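Student: sequence-free structure coming up:
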Ligand SMILES: NC(=[NH2+])NCCC[C@H](N)C(=O)O
Ligand SMILES: [Mn+2]
Ligand SMILES: [Mn+2]
């Protein structure tokens with residue numbers, strides 16, 4: 001088995017949306033035993049601590065409909081620099097959120113290390129909104145659009161280059177709440193989506209096999225897993241700010257993580273949207289850590 005040097009980066013960010021408490025996500029995931037779980041699998045694990053996040057929130061940012069824009073730019077710039085230094089040292093970045101706006105920083109930090117990075121977006125949502133299409137003004141609904149170069153200039157150009165990833169290198173898994181503007185973008189850019197419909201119809205084994213074949217065909221030189229806990233059904237992960245019923249099951253998610261482990265394709269990961277205030281007895285963070293166990297090589301036998 002392949003042993004990794006895992007660097008854990010906490011991002012106690014809640015400025016990309018309006019439900020308070022998701023800033024406590026990294027602590028909840030640590031309490032659920034992430035370090036111990038990965039060490040038990042033989043990996044070397046270093047907890048790099050948390051990125052500093054502004055405690056100032058504003059209801060209306062000056063000159064924009066994007067909520068807390070300045071603070072989100074600042075946090076993501078810091079995260080991008082941290083992820084970048086971790087990757088250049090040959091370590092595996094494992095980012096703990098925090099709301100999903102932090103994927104902007106994670107991808108910005110990763111992408112100049114990869115010519116052709118693939119991205120798995122495991123989520124109930126597509127997170128492909130821009131200021132023009134967003135129903136909410138919440139930046140956590142925009143990170144994938146920003147990463148393909150669409151959105152506010154200062155977000156798009158973190159670390160001074162854009163775009164970070166190619167639309168045809170994205171695979172969205174678990175989508176079931178997609179806004180009209182996002183649908184158009186998916187069509188226009190040819191983004192690959194396995195919605196709940198495909199998961200139901202094909203089964204998770206086939207979805208993952210097709211996902212991996214797609215990345216091999218695209219000759220990616222790394223794959224980032226961005227896992228929003230709301231991709232799972234709220235039955236299993238109730239502690240999320242934007243739950244959508246009819247989601248991926250706990251077992252299907254483990255199967256997906258186990259298959260990703262066996263594929264050796266994944267080169268970085270983030271687990272986001274864990275909100276302990278909305279949770280029941282830390283179940284959502286527990287689920288996140290259990291899924292990380294599978295992603296990093298736990299098996300039953
Ligand atoms: N990362 C998330 N949970 N995103 C939810 C986005 C919800 C909705 N599509 C919006 O733009 O506001
Ligand atoms: Mn989501
Ligand atoms: Mn999301």
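Tutor: Received the coordinates, thanks. The model shown is predicted, which means the values in this text are computed figures rather than measured ones. Numbering: from 1, shown residues only. Ligands and ions are numbered 1, 2, ... in the order given.
Student: check the most centrally placed residue in the chain and give its pLDDT.
Tutor: Nearest to the mean C-alpha position of the chain, by Cα atoms, centre = their mean, lies residue 226 at 2.6 Å. Note for residue 226: predicted pLDDT of 99.
Student: check contacts around it.
Tutor: 100, 103, 106-107, 119-123, 143, 269-270, 272 (Cβ atoms under 8 Å, 6 or more residues apart in numbering). Every residue, glycine included, has its C-beta placed from N, CA and C.
Student: where does pLDDT dip in the stretch 1-150 of the chain?
Tutor: 1, 59 (pLDDT under 70).
Student: what residues does it have near ligand 2?
Tutor: Where the stretch 1-150 of the chain comes near ligand 2, counting by Cβ under 5 Å from the ion, the residues are 123-125.
Student: Serialize the residues you listed to a markdown table and add fields for distance to ligand 3, neighbour count and secondary structure.
Tutor: Listed next are these as a markdown table, based on distance: Cβ to the ion, whole Å; neighbours: other Cβ atoms under 10 Å; DSSP: H, G, I helix; E, B strand; the rest coil:
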| residue | distance to ligand 3 | neighbour count | secondary structure |
| --- | --- | --- | --- |
| 123 | 4 | 29 | coil |
| 124 | 7 | 28 | coil |
| 125 | 5 | 25 | strand |
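Student: restrict the residues you listed to those near ligand 1?
Tutor: residue 125 (Cβ under 6 Å from any ligand atom).
Student: wait, which of the residues of the stretch 1-150 of the chain next to ligand 2 is closest to residue 84?
Tutor: residue 123 (23.9 Å; Cβ to Cβ).
Student: next, the residue nearest to the closest one when sequence neighbours are not counted: phi, psi?
Tutor: Leaving aside its sequence neighbours, residue 123 sits nearest to residue 228 (Cβ to Cβ, 6 or more residues apart in numbering; 4.0 Å). Main-chain dihedrals, residue 228, degrees, to the nearest 10: phi -90, psi 130.
Student: any idea how far residue 228 lies from ligand 3?
Tutor: When distance is defined by Cβ to the ion, to the nearest Å, residue 228 is 4 Å away from ligand 3.
Student: what of residue 282?
Tutor: Taking Cβ to the ion as the measure, residue 282 falls 20 Å from ligand 3.
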